[in-house]
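J.: sequence-free structure coming up:
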């Protein structure tokens with residue numbers, strides 16, 4: 001193994017500076033990326049956050065999207081929306097796609113995190 005190897009990059013230690021406790025399974029914004037807390041993380045504490053994988057997460061109930069569609073993390077709703085949604089301040093685009101289609105009325109969606117080329121409004 002290379003002497004400069006740090007990590008596979010699937011999980012990142014994250015210090016919760018949001019001012020609120022984060023529950024295991026909750027989506028968190030890390031810079032321009034999205035992750036899912038693997039453990040409960042108290043305010044000002046550090047915990048493990050997954051940067052990749054498929055998770056069942058909150059979805060904007062009115063949103064509809066196709067399998068494979070790039071999704072928008074709506075920061076004000078704390079939920080994923082379809083790619084047709086207009087990004088507002090704090091929203092993150094390009095960090096996830098729909099693992100399965102989303103229909104109106106669903107409160108959750110299966111989402112694949114895909115770190116890399118995300119952008120934050």
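T.: Looks like it came in fine. The structure presented is a predicted model; accordingly, all values stated were derived computationally and were not measured.

J.: show me what contacts the residue nearest to the spatial centre of the chain?
T.: In the chain, the residue lying closest to the centroid (Cα atoms, centre = their mean) is residue 34, at 3.6 Å. Contacts for residue 34 (Cβ atoms under 8 Å, 6 or more residues apart in numbering) come out as 27-28, 51, 73, 92, 95-96, 113, 115, 118. For glycine as for every other residue, the C-beta is placed from the backbone atoms N, C-alpha and C.

J.: please redo it, this time with the cut-off set to 7 Å
T.: Residue 34 makes contact with 27, 73, 92, 95-96, 113, 118, according to Cβ atoms under 7 Å, 6 or more residues apart in numbering.

J.: next one: residue 83
T.: Taking Cβ under 7 Å, 6+ apart, we find residue 83 in contact with 65, 69-72.

J.: try 8 Å this time
T.: 65, 69-72, 93.

J.: Narrow those residues to those in strands?
T.: Within the contacts of residue 83, residues falling in strands by DSSP state E are 70-72, 93.

J.: Show me which of these is closest to residue 103.
T.: Closest approach to residue 103 among the ones in strands among the contacts of residue 83 (Cβ to Cβ): residue 71, at 14.0 Å.

J.: hang on, the closest one packs against residue 87?
T.: No: with contact defined as Cβ atoms under 8 Å, residue 71 does not reach residue 87; the gap is 11.4 Å.

J.: who's more crowded, those two?
T.: residue 71 (30 against 16; other Cβ atoms under 10 Å).

J.: what about the more buried one, distance to residue 45?
T.: To residue 45, residue 71 is 28 Å away according to Cβ to Cβ, to the nearest Å.

J.: what does residue 72 give?
T.: Distance, residue 72 to residue 45, using Cβ to Cβ: 29 Å.

J.: Pick out whichever of those two has more residues nearby.
T.: Remark: of residue 72 and residue 45, residue 72 carries more neighbours, 26 against 13, as counted by other Cβ under 10 Å.

J.: what sits against that one?
T.: Residue 72 is in contact with 80-83, 85, 87, 91-93, counting by Cβ under 8 Å, 6+ apart.
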